[in-house]
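A.B. asks: what shape does this take:
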Amino acid sequence: MTSSPAPFALPQPHPDVLCRPVSEGAVLLHTTDEIYFGLNEVGLLIWELLPPASHTVDEVVGKLAARFPEVDAAEIRTDVEELLQGLEENGLVLPQAGGAPNEG
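C.D. replies: Residues are numbered from 1 along each chain as shown. Got it, this is the predicted structure:
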């Protein structure tokens, strides 16, 4: 498969997860599952770009590429996807509900 990845909806932060900034990034705490997860400064930026701030990985990559123009967008995408996978594996995010966000 040589085509570029299709944009997909970002997961949303789990409602039971608290994010507490610290000097090196942030700590996430899943209050019901008692899971702690550390984020570096870029990880915190990605967390803050989850919905409703952004809706696709492409949006997040674009925003980070604008902030860090010295970093290749493909590397940013890999880092974003790896972090999202880790967040999902630890139950810290939930998949977006199908369809477009409500505008009501």
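
A.B. asks: which residues are in contact with the biggest helix by length in the chain?
C.D. replies: Ranked by number of residues, the top helix in the chain under DSSP state H is helix 73-89. By Cβ atoms under 8 Å, 6 or more residues apart in numbering, the residues outside helix 73-89 that reach it are 5, 10-11, 28, 37, 39, 42-43, 46, 57, 60-61, 64-65, 68, 93. All C-beta atoms are positioned from the backbone trio N, CA, C, and that covers glycine.

A.B. asks: let's see 6 Å
C.D. replies: Outside helix 73-89, the residues that touch it by Cβ atoms under 6 Å, 6 or more residues apart in numbering are G43, I46, V57, V60, V61, L64, A65, V93.

A.B. asks: the helix or strand following that helix pairs with which strands, and in what direction?
C.D. replies: Next in sequence after helix 73-89, counting helices and strands by DSSP states H and E, comes strand 93-94. As defined by DSSP bridges, the strand partners of strand 93-94 come to strand 12-13 (antiparallel).

A.B. asks: could you point out where this structure is predicted with low confidence?
C.D. replies: Filtered on pLDDT under 70, the chain yields the residue ranges 1-8, 97-104.

A.B. asks: ranges for the helices of it?
C.D. replies: In the chain, the segments counted as helices under DSSP H are 41-48, 57-67, 73-89.

A.B. asks: next, the buried residues of the longest one.
C.D. replies: By 16 or more other Cβ atoms under 10 Å, the buried positions in helix 73-89 come out as I76, R77, D79, V80, L83, L84, L87.

A.B. asks: swap in the first one?
C.D. replies: Neighbour counts over helix 41-48 (16+ other Cβ under 10 Å) mark V42, G43, L44, L45, I46, W47, E48 as buried.

A.B. asks: can you report how many residues neighbour the closest residue in space to V27 that isn't next to it in sequence?
C.D. replies: Distance criterion Cβ to Cβ, 6 or more residues apart in numbering; nearest residue to V27, sequence neighbours excluded, is R20 at 5.2 Å. Using other Cβ atoms under 10 Å, R20 has 8 other residues around it.
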